[in-house]
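[1] Sequence isn't available, so here's the structure alone:
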């Protein structure tokens, strides 16, 4: 088994100073093997972020939260992106030449990464989307819809029909920008195992 220190830093849309970042940072030691996936790391990090005093050794897979990956981002090339699920952690660590500490940025609110807020309507994306069609999620006063960025078909509905019409208008106005964001964010960071064979055990 290998051990790496995981640092958790709250992800804020607004920029904050490094001083403040260090004060907000907390972390834990995580043991992993050749077969440990990033999914396992997400679950431990998610539980730790909610309760730093949790005994991580007692965390069982049956208690895993499927939304855990939605809460974490990894900084690369001055951007914050998610990691694709179902990849081996050791490949990720070696691919990015991570030594003793891995920094994950945590957002406490579920619902993906916010890309815009217009007239009280929040627009956001989910990572690891199953759909292959670019789309944007919109939320207003607890109601949520999904807007296809190619056909502009809407799934779901707002109780406030005027706001739903506004959301569709904004999607059309920002189509190109949001499609670019969709391609970047929902693809996640996928790393190529150029130094390890999948059937090799350590």
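    Structure received. No experiment lies behind these values; they were computed from the predicted model shown.

[2] quick one: low-confidence ranges for this protein?
    Scanning the chain for pLDDT under 70 picks out 11-25, 50-67, 77-79, 108-114, 127-132, 185-202.

[3] Sketch out the helices for it, chain order is fine.
    Under the criterion DSSP state H, the chain contains helices at 18-24, 38-50, 89-95, 161-173, 175-187.

[4] could I get those as TSV with distance to residue 72?
    The way it works is simple: take the backbone N, C-alpha and C, and place the C-beta from them, glycine included. Shown next, in TSV, are the helices of the chain (distance: least, CB to CB, whole Å):
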stretch	distance to residue 72
helix 18-24	15
helix 38-50	6
helix 89-95	12
helix 161-173	27
helix 175-187	13
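
[5] right, so of those helices, which gets closest to residue 3?
    Among these, the nearest to residue 3 by CB to CB is helix 89-95 (11.3 Å).

[6] residues of the closest one that come out buried?
    By 16 or more other CB atoms under 10 Å, the buried positions in helix 89-95 come out as 89, 90, 91, 92, 93, 95.

[7] Could you do stretch 149-167 as well?
    Buried residues in stretch 149-167, defined by neighbour count with 16+ other CB under 10 Å: 149, 154, 158, 163, 164, 166, 167.

[8] So what would you say the end-to-end distance of that stretch is?
    From its first residue to its last, stretch 149-167 covers 12 Å (CA to CA, to the nearest Å).

[9] quick one: contacts of that stretch?
    The contact list for stretch 149-167 (CB atoms under 8 Å, 6 or more residues apart in numbering) reads 118-121, 123, 133-136, 138, 140-141, 143-148, 168, 171-172, 175, 178-179, 182.

[10] can you list contacts of the top strand by length along the chain?
    In the chain, with assignment by DSSP state E, the single longest strand is strand 2-10. For strand 2-10, contacts defined as CB under 8 Å, 6+ apart pick out 21, 24-33, 41, 44-45, 48-49, 90, 93, 98, 100-108.

[11] Show me how to select, in PyMOL, the buried members of those residues.
    Entered in PyMOL, the line below selects the buried ones among these, by 16+ other CB under 10 Å:
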select buried, resi 27+28+30+32+41+44+45+48+49+90+93+102+103+104+105+106+107
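
[12] who touches the spatially closest residue to residue 1 that is not a sequence neighbour in this structure?
    Nearest non-adjacent residue to residue 1, counting by CB to CB, 6 or more residues apart in numbering: residue 31, 4.8 Å away. Counting by CB under 8 Å, 6+ apart, residue 31 touches 1, 2, 3.

[13] Count the neighbours of the first one for me.
    By that I understand residue 1. Neighbour count for residue 1, taken as other CB atoms under 10 Å: 8.
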